[in-house]
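Asks: here's my sequence, what's the structure:
(chains A and B)
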There are 2 protein chains.
Amino acid sequence: MAPIRNGALIFNEVPQRYPVPGKTTVYDDKRTIDLDNVPLNGSVLIKVLVLSVDPYMRGRMREPEVKSYSPPYTLGQPITGGAVGVILRSEHDDYKPGDHVLGLVNFEEYTIPSNLTFLKKITREPGLDWPVYLGAAGMPGRSAYFAWKKYAQAKKGDTVFVSGGAGPVGLMVIQLAKLDGMKVIASAGTDEKVQDCKDVGADVAFNYKHTELSEVLEKDGPWHVFWDNVGGGVFDAALPYAALHARVIVCGMISTYNEDPEEGVRLKNLRMILVKSLHIHGFFVSDLSTPELEEEFYSTIPKKLASGELKHREDITKGLENAGTALEDVQRGRNFGKKVVLVAEE
Amino acid sequence: MAPIRNGALIFNEVPQRYPVPGKTTVYDDKRTIDLDNVPLNGSVLIKVLVLSVDPYMRGRMREPEVKSYSPPYTLGQPITGGAVGVILRSEHDDYKPGDHVLGLVNFEEYTIPSNLTFLKKITREPGLDWPVYLGAAGMPGRSAYFAWKKYAQAKKGDTVFVSGGAGPVGLMVIQLAKLDGMKVIASAGTDEKVQDCKDVGADVAFNYKHTELSEVLEKDGPWHVFWDNVGGGVFDAALPYAALHARVIVCGMISTYNEDPEEGVRLKNLRMILVKSLHIHGFFVSDLSTPELEEEFYSTIPKKLASGELKHREDITKGLENAGTALEDVQRGRNFGKKVVLVAEE
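Replies: Sure thing, here's the model as predicted:
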């Protein structure tokens, strides 16, 4: 077969604030691949079906000399991220054509991972589409599940406050907390997202653009667990409403990713760490992952999602050429639930 | 016997910033007590020997409507704090005249605690003076010991950074870390205090007024444990030098106690909680106290202090009439080691 197009989303420029589609990233439709003859060097050839767009990716769009937990994207190269794909060819015993895999790959239509460590075979639960495997049944779901189990010390009747409740992590945290018998307060930035939080069980949900957080927490607090996806001002404003010995699980700081770090954030309530004897935990999902937890997660959560016992929401952008916009949307909070890019049908 | 003077340090005015002797507190030498006939109502009459002056006391000098972990001082009444005293009379079976006690009492020469819960009989280790029982062998020492055991996850060869290294807690933390085989970096605000840190074993100690913290930590970091007595700018500046999964033990925030809380502190490095997967713990010593830990502490630490295996330093203000100045000194960091007020000889 002759070479065909292998479009890719290229990292083109380090953004100053929000990523700009066509500038920060550009879609290159001139690249080609010969599916039959491209050398695999012991790896596999994957047809990418769905790509994951996540808040943390902003942190990788940086100058290479800035150190951080995840490696920076390389200018002129495709960005990378989570994906579900199907194996077309394989030179590795663990994979055969037709297998579905979850992994970290280039944002391109066809890809050959140089490292198979981040690849995992998956089987689709009847009733669940592949996008769910990048959301509630994927990295965001695992983030929620692992850190909740490890740090929440969930207790029936206790209260959790979830900031950014309508993102894929937030929606899962709300549900895990309800399963543990907790009262859930959730914040979000639009009325539709507030409804999303309520739909999955939040007892109290509010639009932080119209309602003061302090007002809600004064009435419905104190919180015993604060799951923070937002950081910055929300982090600060929530601290005075902590119960003694409460836990803060810092999962994300979306409010700060697109700001100038030199600006910083003015915090007034840091003394609450002392006053309330708080425990604050940052984490990466990869650090909390153990074979036991992975097994526990994958053997239970996809089934509950498929049966409807747990709810999920995906927000699908069609076509890799639109992935740059999807990246910006997630940074600006324009997504509803899990944002994915549908690259190809099977 | 006729009534005699019972001088007291009265809480007179809520300070705006630093407490002002003679204004925030006033010494009242007009109060009297009839030692033989004052009714005890089931309590004990204590002659106060030494009083403890601690950073946290600033937090109690507030308007009563402001909530915090320790109750506010009452205007017009003596302030309260840690003390060592000797029992003169007793109506309680646990205490007899001549017993020495450690407790929370009024800042007055003779005192009758309304609540004996906070009283504990102590026996002096030969070679240790009573002031030590308010410092290295008292609340600051126990703070260091309990929280170090609970949160440090000390590992031989790892590094700890102690801010405010020359205070009574800092000096003990430095020594506990060295006993655990760690490398110790300590900061302090004068060259003499830097020497104090070195004298108890700090591998690296520096005067933060002359040397950039970032310079020191760039060279001698990263830290695996950050014991913070200072808060504010130091807290922020230290965060980028954390090792992955490092622990922050927040013991105090002396840099902020005398500032306007509405001002807040501008933090630039809060994202390190995520980037470095940090664990931050605030604590009160009373919460960490268990009978086992108390027993472990009192059966070992005073002996080590008496033998010289552990070092300690006290800074003694003579006379209750000077306690107001001692309070200000501690807030301004003018003390060397543990500040106490010597009220009376036995």
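Asks: what score does the closest residue to A:Gly221 other than its chain neighbours have for pLDDT?
Replies: Spatial nearest neighbour of A:Gly221, chain neighbours left out: A:Tyr241 (3.9 Å); criterion: C-beta to C-beta, 6 or more residues apart in numbering or on different chains. From N, CA and C alone the C-beta is placed, and that goes for glycine too. We have a pLDDT of 98 for A:Tyr241.
Asks: tell me the contacts of A:Tyr241?
Replies: Taking C-beta atoms under 8 Å, 6 or more residues apart in numbering or on different chains, we find A:Tyr241 in contact with A:161, A:214, A:217-218, A:221-223.
Asks: can you check A:Cys197 too?
Replies: A:162, A:165-166, A:170-171, A:174, A:186, A:188, A:205.
Asks: kindly report the same for A:Ile79.
Replies: By C-beta under 8 Å, 6+ apart, the residues touching A:Ile79 are A:9-11, A:25, A:57, A:60-61, A:73, A:106-107.
Asks: how many residues are close by A:Leu35?
Replies: For A:Leu35, the count of nearby residues is 15 (other C-beta atoms under 10 Å in any protein chain shown).
Asks: so what's it up against?
Replies: With C-beta under 8 Å, 6+ apart, A:Leu35 has these contacts: A:1, A:4, A:45, A:88-89, A:110.
Asks: tell me the SS of it?
Replies: coil (DSSP: H, G, I helix; E, B strand; the rest coil).
Asks: from chain B, how far off is it?
Replies: 39 Å (C-beta to the nearest C-beta, to the nearest Å).
Asks: just the local confidence number for that residue, please.
Replies: pLDDT at A:Leu35 comes out at 97.
Asks: do a quick rundown of the helices in chain A.
Replies: A:139-151, A:168-179, A:191-199, A:213-220, A:233-238, A:272-275, A:285-288, A:291-307, A:323-331 (DSSP state H).
Asks: okay, those helices, which one's buried deepest?
Replies: Ranked by mean neighbour count, those are led by helix A:168-179 with a mean of 27 (mean count of other C-beta atoms under 10 Å in any protein chain shown).
Asks: what about that helix and chain B, touching?
Replies: No: Helix A:168-179 does not reach chain B (C-beta under 8 Å from any C-beta of the partner chain); its nearest approach is 13.0 Å.
Asks: on that earlier part again, can I get the contacts of A:Ile79 in a markdown table with distance to chain B?
Replies: Converted to a markdown table, the contacts of A:Ile79 look like this (distance: C-beta to the nearest C-beta, whole Å):
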| residue | distance to chain B |
| --- | --- |
| A:Leu9 | 25 |
| A:Ile10 | 26 |
| A:Phe11 | 20 |
| A:Thr25 | 22 |
| A:Met57 | 14 |
| A:Arg60 | 12 |
| A:Met61 | 15 |
| A:Tyr73 | 16 |
| A:Asn106 | 24 |
| A:Phe107 | 23 |
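Asks: next step: those restricted to strands.
Replies: Cross-referencing the contacts of A:Ile79 against strands under DSSP state E gives A:9-11, A:25, A:106.
Asks: which two of the residues you listed have the greatest separation?
Replies: A:Thr25 and A:Asn106 (12.4 Å; C-beta to C-beta).
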